[in-house]
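Colleague: I'd like to go over a predicted model; first the sequence, then the structure.
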There are 2 protein chains.
Amino acid sequence: MSSTPSPQALRTSIRSGEHGGNTSGYAPGFVQCNIVILPADWANDFLRFCQLNPKPCPLIAASAAPGDPTLPPLGDIDIRTDVPSYRVFRDGEMTEEIADISQLWRDDLVTFALGCSFSFEEALLADGLEVRNVTEGVNVPMYRTSTECTPAGPFAGKMVVSMRPFKAADAIRAVQICTRFPSVHGAPVHLGDPGLIGIEQLDLPDYGDAVTVREQELPVFWACGVTPQVALEAARPPFAITHSPGCMLVTDLRNSQLAVL
Amino acid sequence: MSSTPSPQALRTSIRSGEHGGNTSGYAPGFVQCNIVILPADWANDFLRFCQLNPKPCPLIAASAAPGDPTLPPLGDIDIRTDVPSYRVFRDGEMTEEIADISQLWRDDLVTFALGCSFSFEEALLADGLEVRNVTEGVNVPMYRTSTECTPAGPFAGKMVVSMRPFKAADAIRAVQICTRFPSVHGAPVHLGDPGLIGIEQLDLPDYGDAVTVREQELPVFWACGVTPQVALEAARPPFAITHSPGCMLVTDLRNSQLAVL
């Protein structure tokens, strides 16, 4: 086996600016998180949005207090430097994409770390299932559905789902595997006919890349972490920071620690 | 709540000949079993068949020794009298359907008690899912598939499945619920296109009754306890006894005790 960096070593290299890109495939076995950072006066509504919509917005950790840049439950983390790339939004518009937010940090900022599909994809692969977007080396296809999230204050919007095709027996197995991991989106929300959740064309995803769906396969749909990003963009807070797509916070939590059984 | 007989009281009434028919709906909450009784020189192959095909043939208990008519793990049972109706097979042909097998009992007979779908249907209903064959008051539709069981000696044949239709989200929930109950067929073996497992027409089941499948529903297929019966008929042992369809052994085990988690 080739040696892979520990999450601590990877974060050190991210913190120093040495590693600046995608974290997919790095520190295998460890949880990677979506990040949303908001002013305290917007944080409570966002927290409620996550609690009301746990499948697309599975909250793994949040700041202990406004202005605190650490996330002790996830490791020795400084959220201002430990994500490879950040997107900064002002009044709902992305204004910068930067590698360090130390200069932008404020005493009122609250960080949210949300579960990500990397964890359950690893569990599916470990069970011998084929994950098509991994096989084809592309981003998972994602679709805006007709399913409304439960709104909380200004946060609202349609649920976004990711899709992975499986034969029926493997789809059933995928439900069993992902049920163990509610904090990384849990069991699929739909399978079979995409039209029933408002998806017109599987080969035209709203985000990510299309993947091959073979004749004997069912499309299987999971609630997706793009959902809170869409809700965030719709809410148009005066200031917000997120990770850049694919450039996640790498934590010290093992994926297996997220299993509820 | 109306009072329902305990499993012990129901067995007493069956033993005395007072209750002679179907056990469906009696002693709710308690496990009911399919019964197969074979001469000892056929029992080992049947046991291997069950072990090799646990989804259609989930073995819950077997005789401690040939000729022993008790099944202590399941309650105070005399298998010669405690099933409401038995079918007797000689050289693979059914020769009698009787309410008591005391006169036919032999020192070499071995009893097998297999899990039955009543238990998981109860778990589905308890979760608020609609079980169509229950709603429509008919027997569940069952189909011979193209899937070969793993043979053991003379025991072989195609897997038989039962079908219950669900919307996708409920099908996913049904997978989660039934995964907890491997000893009563466990998770479904297939969902979606019936043709992929060799079923030509959903409205023409091989056993039981057809049920309505609505437009937005997926047919969901479970391995079925008719499978060992079909294998038994194909093996044509010189002597065998089974329960009559729907007339099960009612045990003291609670359905919830079968849950693995």
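Modeller: Good, I have the coordinates. This is a predicted model, so every value here is computed, not measured.

Colleague: contact residues of the stretch 151-261 of chain A facing chain B?
Modeller: Taking CB under 8 Å from any CB of the partner chain as the measure of proximity, the stretch 151-261 of chain A contacts chain B at A:167-169, A:171-172, A:175-176, A:179, A:187-193, A:196, A:216, A:218, A:261. C-beta here means a position set from N, CA and C on the backbone, and glycine is covered the same way.

Colleague: just these: which are in helices?
Modeller: Members of those lying in helices (criterion: DSSP state H): A:168-169, A:171-172, A:175-176, A:179.

Colleague: show me which of these are buried.
Modeller: By neighbour count, with 16 or more other CB atoms under 10 Å in any protein chain shown, those hold A:168, A:171-172, A:175-176, A:179 as buried.

Colleague: CSV for those, including pLDDT?
Modeller: Listed next are those as CSV, based on pLDDT from 0 to 100:
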residue, pLDDT
A:168, 98
A:171, 98
A:172, 98
A:175, 98
A:176, 97
A:179, 96
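
Colleague: adding distance to residue A:124, write the residues you listed out as a markdown table.
Modeller: Below are those laid out as a markdown table (distance: CB to CB, whole Å):
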| residue | distance to residue A:124 |
| --- | --- |
| A:168 | 15 |
| A:171 | 11 |
| A:172 | 13 |
| A:175 | 11 |
| A:176 | 11 |
| A:179 | 12 |
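
Colleague: buried ones in stretch A:200-211?
Modeller: In stretch A:200-211, counting by 16+ other CB under 10 Å, buried: A:202, A:205, A:207-208, A:210-211.

Colleague: can you add secondary structure and pLDDT and give these back as TSV?
Modeller: As requested, these are arranged in TSV below (DSSP: H, G, I helix; E, B strand; the rest coil; pLDDT from 0 to 100):
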residue	secondary structure	pLDDT
A:202	coil	97
A:205	coil	97
A:207	strand	94
A:208	coil	93
A:210	coil	97
A:211	coil	98
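
Colleague: so which of those residues is the closest to chain B?
Modeller: residue A:202 (14.9 Å; CB to the nearest CB).

Colleague: which of the buried ones among the ones in helices among the residues of the stretch 151-261 of chain A next to chain B sit farthest apart?
Modeller: Across these, the longest distance by CB to CB is 16.9 Å; it joins A:168 and A:179.

Colleague: run a quick neighbour tally on residue A:135.
Modeller: By the criterion of other CB atoms under 10 Å in any protein chain shown, residue A:135 has 11 neighbours.

Colleague: state the distance from it to chain B.
Modeller: Going from residue A:135 to chain B by CB to the nearest CB, to the nearest Å gives 21 Å.

Colleague: what's the answer for residue A:146, then?
Modeller: On the measure of CB to the nearest CB, residue A:146 and chain B end up 13 Å apart.

Colleague: quick check: which element contains that residue?
Modeller: strand A:142-148 (DSSP states H and E).

Colleague: pLDDT of that strand, averaged?
Modeller: What strand A:142-148 shows for mean pLDDT is 97.

Colleague: how far out from the middle of the chain is that strand?
Modeller: The chain centre lies 16 Å from the centre of strand A:142-148; the measure is CA atoms, centre = their mean, to the nearest Å.

Colleague: so what touches that strand?
Modeller: Contacts of strand A:142-148 with the rest of the structure, by CB atoms under 8 Å, 6 or more residues apart in numbering or on different chains, involve A:156-163, A:189, A:194, A:197-199, A:205-208, A:221, A:224, A:226, A:230.

Colleague: pretty sure residue A:223 sits against residue A:55.
Modeller: Yes. Counting by CB atoms under 8 Å, residue A:223 sits close enough to residue A:55 to count as a contact (3.7 Å).

Colleague: which neighbours do these two have in common?
Modeller: A:159, A:185-186, A:189.

Colleague: in the helix or strand residue A:96 falls within, what counts as buried?
Modeller: In this structure, residue A:96 sits in strand A:93-98 according to DSSP H and E. Judged by neighbour count (16+ other CB under 10 Å), strand A:93-98 contains no buried residues.

Colleague: what do you get for stretch A:14-33?
Modeller: Here stretch A:14-33 shows A:14-15, A:19, A:23, A:26-27, A:30-33 as buried, counting by 16+ other CB under 10 Å.

Colleague: mind listing which of those residues are in helices?
Modeller: Using DSSP H, those in helices are A:14-15.

Colleague: give me the subset of the buried residues of stretch A:14-33 that lies in strands.
Modeller: Counted as lying in strands by DSSP state E, out of the buried residues of stretch A:14-33, are A:30-33.

Colleague: still on that earlier bit, ChimeraX command to pick out the buried ones of the contacts of strand A:142-148?
Modeller: In ChimeraX syntax, the buried subset of these is picked out as below (16+ other CB under 10 Å):
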select /A:156,157,158,159,160,161,162,163,189,194,197,199,205,207,208,221,224,226,230
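
Colleague: now, which of the contacts of strand A:142-148 lie within strands?
Modeller: Those of the contacts of strand A:142-148 mapping onto strands are A:158-163, A:221, per DSSP E.

Colleague: now render the residues you listed as TSV, adding pLDDT.
Modeller: Below are the ones in strands among the contacts of strand A:142-148 laid out as TSV (pLDDT from 0 to 100):
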residue	pLDDT
A:158	97
A:159	98
A:160	97
A:161	97
A:162	97
A:163	98
A:221	98
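
Colleague: how about residue A:48, secondary structure?
Modeller: Here residue A:48 is helix, with the state taken from DSSP: H, G, I helix; E, B strand; the rest coil.
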